[in-house]
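# Fold the stuff below for me.
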Amino acid sequence: QVQLVESGGGLAQPGGSLRLSCAASGFTFSTFAMSWARQAPGKGFEWVAGILPDGSNTYYADSEKGRFTISRDNAKNTVSLQMNSLKPEDTALYFCAKEVGVIVSATYDYWGQGTHVTVSS
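Sure, this is the predicted structure:
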């Protein structure tokens, strides 16, 4: 069965960095787009970034452009999110999500349990 396991969350200071990782299994990883999404306390699910199956193109929500970088390693079935210049409003539960196809459309059929990110001084 499809499994997505996130890791790398934690506490960071404003302006700091964190790197999230997601290990995928149970499907042909290299044939699907992947995304990261988040849910802040009391708010809805928000798409953060996405990447095409071969890693050739990446996409970001406006508030994350220039601060976050999504990448993938199809040999290791992993997708990562490097987060720099973190802000308190980045505090959220971050999810790795499998897109339903080859494009980044923020339409998921599987996601992980999430990893908590807290940005606070």
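
# beta partners of residue 72?
Beta-bridge pairing for residue 72 (DSSP bridges): residue 79.

# In CSV, list the C-alpha atoms belonging to the strand or helix carrying residue 37.
Take DSSP states H and E as the rule and residue 37 turns out to sit in strand 34-39. The C-alpha coordinates for strand 34-39 follow below in CSV (Å, rounded to 0.1, in the frame of the first residue of the first chain):
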residue,chain,number,x,y,z
MET,A,34,4.6,15.2,-5.6
SER,A,35,3.7,18.2,-3.4
TRP,A,36,4.1,19.5,0.1
ALA,A,37,1.1,21.1,1.9
ARG,A,38,0.5,22.4,5.4
GLN,A,39,-2.2,23.0,7.9
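
# Buried residues, that strand. List them.
By 16 or more other Cβ atoms under 10 Å, the buried positions in strand 34-39 come out as 34-38. (Each C-beta comes from the backbone N, C-alpha and C, glycine too.)

# Out of the residues you listed, which is nearest to residue 50?
residue 35 (4.0 Å; Cβ to Cβ).

# surely the closest one meets residue 109?
No. Counting by Cβ atoms under 8 Å, residue 109 is not a contact partner of residue 35; they are 11.5 Å apart.

# hey, where'd the strands end up in this protein?
For the chain, the strands defined by DSSP state E cover 3-7, 10-12, 18-25, 34-39, 45-51, 58-60, 68-73, 78-83, 92-99, 108-111, 115-119.

# that older thread, which neighbours in the sheet does the strand holding residue 37 have, and how are they oriented?
Using DSSP bridges, strand 34-39 pairs in its sheet with strand 45-51 (antiparallel), strand 92-99 (antiparallel).

# That concludes my questions; thank you for your assistance.
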